[in-house]
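Undergrad: Starting from these lines, generate the structure:
(one chain, ligands or ions: 1)
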Amino acid sequence: MTFFLALQRTTACAASVCALALLAPGVAAAQGAVQVQGAWVRTAVPGQPGTGAFMTLTARESLRLVRISTPAAAVAEVHQMKMDGNVMTMRPISALDLPAGRTVELKPAGYHLMLTELKQPLPPGSSVQLTLHFKNAQGVESQQLLTLPVAATAPRAADTPAAGKAPAMPVPHGPHSGDHKH
Ligand SMILES: [Cu+2]
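TA: This is a model prediction of the structure:
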């Protein structure tokens, strides 16, 4: 219940406005311990079991991303994509290091957030609530709530308001056929 209330509090503004606010570097800096940029979730058609979420994360102090959660899927994991011989495979990892000040990219074909057992289709233009759970060097946990836009491809830098210096955006890999189908 507390989780639901927390969500309510941070979604007082319209979902699309929240997403834009999170993409603006200045606003993100004021909101959380981790700056989140270019965040998005890949669209999922009815019946599709899973999809990926992507963003860049820059932590102010060294943190580890230890867990993610979302009401949109029964299973939400941090995944690593790797070449295994010449087959691309992906597996869940227990934690992702976010060294202070270093930008870590979650992108197709790299680290990404995996949502499986989706509870509903995710059409373009909808949004997904997602919580990042962090642990610092002292073991203290914190969390950051995000509202991510759903899209077929990565948002362009031009879509980010007040981006003084455009962040490096993940390059979409075409239609991205097999990667995210478990
Ligand atoms: Cu995955």
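Undergrad: all contacts plus neighbour counts: C-alpha atoms, from now on.
TA: Noted.
Undergrad: Tell me what residue 78 is bridged to.
TA: residue 113 (DSSP bridges).
Undergrad: Count the residues that sit near it.
TA: Using other C-alpha atoms under 10 Å, residue 78 has 22 neighbouring residues.
Undergrad: need the contact list for it.
TA: Residues in contact with residue 78 (C-alpha atoms under 8 Å, 6 or more residues apart in numbering) are 67, 68, 92, 93, 94, 95, 96, 111, 112, 113, 114.
Undergrad: mind running it again at 6 Å?
TA: The contact partners of residue 78, taken as C-alpha atoms under 6 Å, 6 or more residues apart in numbering, are 92, 93, 113.
Undergrad: and what of residue 55?
TA: By C-alpha under 6 Å, 6+ apart, the neighbours of residue 55 are 37, 38, 39, 106.
Undergrad: need those in CSV with secondary structure, neighbour count and pLDDT, can you?
TA: Formatted as CSV, these follow (DSSP: H, G, I helix; E, B strand; the rest coil; neighbours: other C-alpha atoms under 10 Å; pLDDT from 0 to 100):
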residue, secondary structure, neighbour count, pLDDT
37, strand, 27, 96
38, strand, 28, 96
39, strand, 24, 97
106, strand, 22, 97
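Undergrad: Where neighbours are concerned, which of the contacts of residue 78 has the most?
TA: Using other C-alpha under 10 Å as the neighbour criterion, residue 113 leads these with 24 neighbours.
Undergrad: Next up, the contacts around it.
TA: 52, 53, 77, 78, 79.
Undergrad: how close does residue 97 get to residue 137?
TA: Between residue 97 and residue 137 the computed distance is 11 Å (C-alpha to C-alpha, to the nearest Å).
Undergrad: the more surrounded of those two?
TA: Legend: neighbour count by other C-alpha under 10 Å for residue 97 and residue 137, higher for residue 97 (15 against 10).
Undergrad: Tell me if I'm right that that one and residue 64 touch.
TA: Yes. Residue 97 is within contact range of residue 64, at 4.5 Å (criterion: C-alpha atoms under 6 Å).
Undergrad: Check which residues of stretch 39-54 are buried.
TA: For stretch 39-54, a neighbour-count test (16 or more other C-alpha atoms under 10 Å) marks 39-44, 48-54 as buried.
Undergrad: Give me every residue in contact with it, excluding its own residues.
TA: For stretch 39-54, the surrounding residues in contact (C-alpha under 6 Å, 6+ apart) are 55, 106-107, 112-118, 121-124, 148-152, 180.
Undergrad: Tell me which stretches of the protein form strands.
TA: Secondary structure of the chain (DSSP state E): strands at 34-42, 50-59, 63-69, 73-84, 87-92, 96-98, 103-106, 112-118, 127-136, 141-151.
Undergrad: quick revisit: now, which of the contacts of residue 55 sits nearest residue 73?
TA: residue 39 (17.3 Å; C-alpha to C-alpha).
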